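K.L.:
curious how this folds, go ahead:
(one chain, ligands or ions: 2)
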Amino acid sequence: MNKCLICNNNFNPFVDFGNMPIANAFSTKKELENEYFFSMKVGFCENCNMVQLLEQPDREKMFHDNYAFFSSTSNYMISHFQKFANSVTKLQSLDQKSFVVEIGSNDGIMLQNFVSDKIPCLGIEPSKNVADVARKKGIEVITDFFDESLAARISKNYQKADAILSANVMCHIPYMHSIYEGVKTLLNNEGVFIFEDPYLGEVIEKTSFDQIYDEHVFLFSALSISYIANMHDLELIHVEHQITHGGSMRFTIAHKGAKNISQDVIDLIKREKEIGLDKNHAYLNFTDSVNKIKNDLIELLKNLKKNGKKVVAYGATSKSTTVTNYFGITPDLVECIYDTTPIKQNKYSPGAHIPVLPYDQFRDSNPDYVLLFAWNHSEEIMKKEIDFMGDQRHWITYIPNVKVI
Ligand code: SAM
Ligand code: TMP
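P.N.:
Ligands and ions are numbered 1, 2, ... in the order given. Coordinates of the predicted model:
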C-alpha cells in the first residue's frame with residue numbers, strides 16, 4: 001500500500017513500467033556508466049482522484065544546470081504561449097502596475113510576451129541553463145524551485161501577483177501542498193492562478209501512456225484539481241481544453257468566493273464522472289491497451305528490420321524514454337533519433353542508448369521509415385517534412401494505436 005501525496009489515503013498501482021532512467025538524461029558514453037534508474041509505477045487514489053507516480057527521483061536529478069528541454073524548439077508552442085499571455089493580459093486587464101509570476105519559465109517562451117508589452121513579470125526557474133536563455137531576452141528570473149517559502153519572499157520583496165502562470169510544470173511537483181499555500185500567499189485578492197498540463201482524460205482515452213515519466217508525478221483532472229484547491233481555500237473557477245502535448249487542460253484557480261465558477265468546470269466534472277475517472281476500473285483497461293501498442297510496435301519494427309528497411313526516429317522527446325525502455329527498443333531496431341536541440345545531439349538516449357543526431361543530418365540519412373517520437377508535434381513536423389517523405393518513406397505513429405502513414 002502507498003500513501004497518496006494529496007490526501008494520504010492508501011492506494012495501489014495500476015501500471016508498473018519497471019525500471020526507468022531520467023527521461024531527459026541524454027548522456028555521453030562516459031555519463032552512461034553511472035546511469036540512474038528508479039522503479040516507475042502509477043496509481044490512482046480513489047479518495048481525491050489523483051493519478052500519481054509511487055516513486056519519483058529527487059528533483060535535483062531532473063532539474064539542474066544541464067536541463068535538456070528548451071520550450072522554444074517548436075514554432076507552434078511559441079505562438080501558443082503568445083496567445084496564452086495575451087489572454088491573461090485581457091482577462092486581468094494587466095498594465096504597467098500589474099505583476100505576473102511564472103512558475104517554470106524555462107527559456108522565457110511565455111514571459112517574453114509580457115516583457116514586450118512592458119507588463120512587470122518574474123520567472124521562477126530552477127534549471128539555470130534554460131533560465132539564462134530567458135535572461136538574455138530581458139526577463140528577470142529567480143533560479144530556484146517555487147514553493148511556499150519562496151512565494152512568501154516574492155510577495156514581500158516585489159508585490160502580490162495579479163496572475164501566477166505555469167505550463168507543464170505543476171504536474172512535475174510532488175510537494176503540491178506547498179505550491180498551493182505559496183499561490184494563496186502570493187496571489188492578490190482578485191488574482192488568478194492559471195496552469196496547464198497534460199490532461200488525464202485524454203491520456204486514458206488515447207492511451208498516451210508516454211505522458212508518464214519521471215517528471216510527470218501527477219496526471220490531473222478537474223476532479224483532482226478541485227479537491228486540492230479546496231484543501232487550501234482556493235477554488236477551480238475555469239477549465240479550457242488545449243491541443244498541446246497531445247491534449248492538455250488549462251485550469252484557472254482563484255481565492256475561494258472571489259470569482260464565479262464557470263459552467264465549463266461543472267460540465268467537465270460531470271463528464272469525468274460519466275467516463276469513470278473517479279473509479280478504479282477506468283484504469284484497469286489502460287495497461288492492456290499499453291501492452292497491445294507495445295506488441296504491435298515491436299512486431300512491426302522487427303519485421304521492418306528483417307526486410308532490410310532503414311528505421312530512424314524523429315524527436316528525442318522525454319516521452320520517448322518511457323516508450324523505448326518499456327518496449328525494449330534498442331539501436332538494432334531504431335538506428336538513431338534526429339532532434340533539433342543542440343544539448344541532446346551526439347549523445348545517447350536514456351536507458352535504451354539510441355544515438356541522438358543533429359536534425360541537419362536527417363534528410364541525408366535516407367530512411368525508409370521514421371518513428372515519430374514527437375507525435376504531439378505531428379502537424380508541425382509532417383507539414384515541414386511532407387516533400388521529403390513523399391510516397392516512398394513512411395511515418396510510424398503509436399498513439400492511440402500503431403499506424404504506418
Ligand atoms: N513552461 C515551459 C513549457 O511549457 O514549455 C517549460 C516546461 S518544462 C517541461 C518544466 C520546467 O519546470 C523546467 O524548466 C523545470 O526546470 C521547471 N521546474 C521544475 N520544478 C519546478 C519548481 N518547483 N518550480 C519552478 N519550476 C520548476
Ligand atoms: P516535447 O514533445 O517534449 O515538446 O519535445 C519535442 C522534442 O522534439 C524536442 O527535443 C525538440 C524536438 N523537435 C524536433 O526535433 N523538430 C521539430 O520540428 C519539433 C517541433 C520538435
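
K.L.:
all strands of the stretch 301-405 of the chain, in order?
P.N.:
Remark: strands assigned in the stretch 301-405 of the chain by DSSP state E, counting those that start in this stretch are 311-314, 337-339, 347-348, 355-358, 369-372, 394-397, 403-404.

K.L.:
which residues touch N106?
P.N.:
69-71, 125, 127, 130-131, 134 (C-beta atoms under 8 Å, 6 or more residues apart in numbering). Just so you know, the C-beta spots here come from the backbone N, C-alpha and C atoms, and that holds for glycine as well.

K.L.:
meant to ask about T244
P.N.:
Shown in contact with T244 (C-beta under 8 Å, 6+ apart): 76-77, 80, 196, 376.

K.L.:
residues from this protein in reach of ligand 1?
P.N.:
For the chain, the residues found near ligand 1 under the criterion C-beta under 6 Å from any ligand atom are 63, 67, 69, 71, 103-104, 106, 109, 124-127, 130, 145-146, 167-169, 172-173.

K.L.:
could I get the full set of helices for the stretch 251-400 of the chain?
P.N.:
Assigned by DSSP state H, counting those that start in this stretch, the helices in the stretch 251-400 of the chain fall at 263-274, 281-306, 319-327, 378-389.

K.L.:
so which of these is the most surrounded?
P.N.:
Comparing the helices of the stretch 251-400 of the chain by mean neighbour count (mean count of other C-beta atoms under 10 Å), helix 319-327 comes out on top with a mean of 24.

K.L.:
just checking, what packs against that helix?
P.N.:
The contact analysis (3 or more C-beta pairs under 8 Å, 6 or more residues apart in numbering; DSSP states H and E) places helix 319-327 against strand 13-21, helix 281-306.

K.L.:
can you do 10 Å?
P.N.:
When contacts are defined as 3 or more C-beta pairs under 10 Å, 6 or more residues apart in numbering; DSSP states H and E, helix 319-327 packs onto strand 13-21, strand 37-44, helix 281-306, strand 311-314, strand 337-339, strand 369-372.

K.L.:
in PDB, list the C-alpha atoms belonging to it.
P.N.:
Output of helix 319-327 as PDB, limited to C-alpha atoms (Å, rounded to 0.1, in the frame of the first residue of the first chain):
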ATOM      1  CA  LYS A 319       8.100  10.800 -23.600                       C
ATOM      2  CA  SER A 320      10.200   8.500 -25.800                       C
ATOM      3  CA  THR A 321      12.200   7.400 -22.800                       C
ATOM      4  CA  THR A 322       9.100   5.600 -21.500                       C
ATOM      5  CA  VAL A 323       8.500   4.100 -24.900                       C
ATOM      6  CA  THR A 324      12.000   2.800 -25.600                       C
ATOM      7  CA  ASN A 325      12.600   1.500 -22.100                       C
ATOM      8  CA  TYR A 326       9.200  -0.200 -21.500                       C
ATOM      9  CA  PHE A 327       9.000  -1.600 -25.000                       C
END
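
K.L.:
let's verify the nearest residue to H241 once chain neighbours are set aside: helix, strand, or coil?
P.N.:
With sequence-adjacent residues excluded and distances taken as C-beta to C-beta, 6 or more residues apart in numbering, H241 is closest to M249, at 6.1 Å. Using DSSP: H, G, I helix; E, B strand; the rest coil, the structure places M249 in strand.

K.L.:
appreciated, that's everything.
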